[in-house]
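Chemist: no sequence on hand, only this structure:
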């Protein structure tokens, strides 16, 4: 699918957590409103059968737990 990046301002802070069988990828937004919009977009994509995540550039913070 050819489309523009829908969330270009995410990824400056990211965490990857592993809890048993769960893998959690956490992006920190600059506001609650941006976090809610990002979550809504992710859910919309998943309901459509796919989830497109691309991290542009090197994040300033990556934490592995």
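Modeler: Yep, that arrived. None of these values were measured; they are calculated from a predicted model.

Chemist: for residue 53, see how far away residue 37 is.
Modeler: Using Cβ to Cβ, to the nearest Å, one obtains 15 Å as the distance from residue 37 to residue 53. In short, each C-beta sits where N, CA and C put it, glycine included.

Chemist: of these two, which one has the most company?
Modeler: residue 37 (14 against 11; other Cβ atoms under 10 Å).

Chemist: from residue 45, how far out is the more buried one?
Modeler: Taking Cβ to Cβ as the measure, residue 37 falls 13 Å from residue 45.

Chemist: and residue 25, by the same measure?
Modeler: In this view, residue 25 and residue 45 are 14 Å apart by Cβ to Cβ.

Chemist: of these two, who's got more company?
Modeler: residue 45 (14 against 10).

Chemist: now the more buried one: closest residue in space, sequence neighbours ignored.
Modeler: residue 51 (4.9 Å; Cβ to Cβ, 6 or more residues apart in numbering).

Chemist: would you check that the one you found makes contact with residue 41?
Modeler: No. Using Cβ atoms under 8 Å, residue 51 makes no contact with residue 41, being 9.7 Å away.

Chemist: these two: which is more packed in?
Modeler: Neighbours were counted for residue 51 and for residue 41 using other Cβ under 10 Å; residue 41 has more, 15 against 12.

Chemist: in a helix, the more buried one, correct?
Modeler: Yes. Under DSSP: H, G, I helix; E, B strand; the rest coil, residue 41 falls within a helix.

Chemist: ranges for the helices of this structure?
Modeler: 32-47 (DSSP state H).

Chemist: any stretches of it with poor pLDDT?
Modeler: Low-confidence regions of the chain, defined by pLDDT under 70, span residues 1-12, 55-65.

Chemist: all the strands of it, in order from the start?
Modeler: Counting by DSSP state E, residue ranges of the strands within the chain are 13-19, 22-27, 61-64.

Chemist: turn those into a markdown table, including distance to residue 33.
Modeler: Formatted as a markdown table, these follow (distance: least, Cβ to Cβ, whole Å):
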| stretch | distance to residue 33 |
| --- | --- |
| strand 13-19 | 17 |
| strand 22-27 | 14 |
| strand 61-64 | 21 |
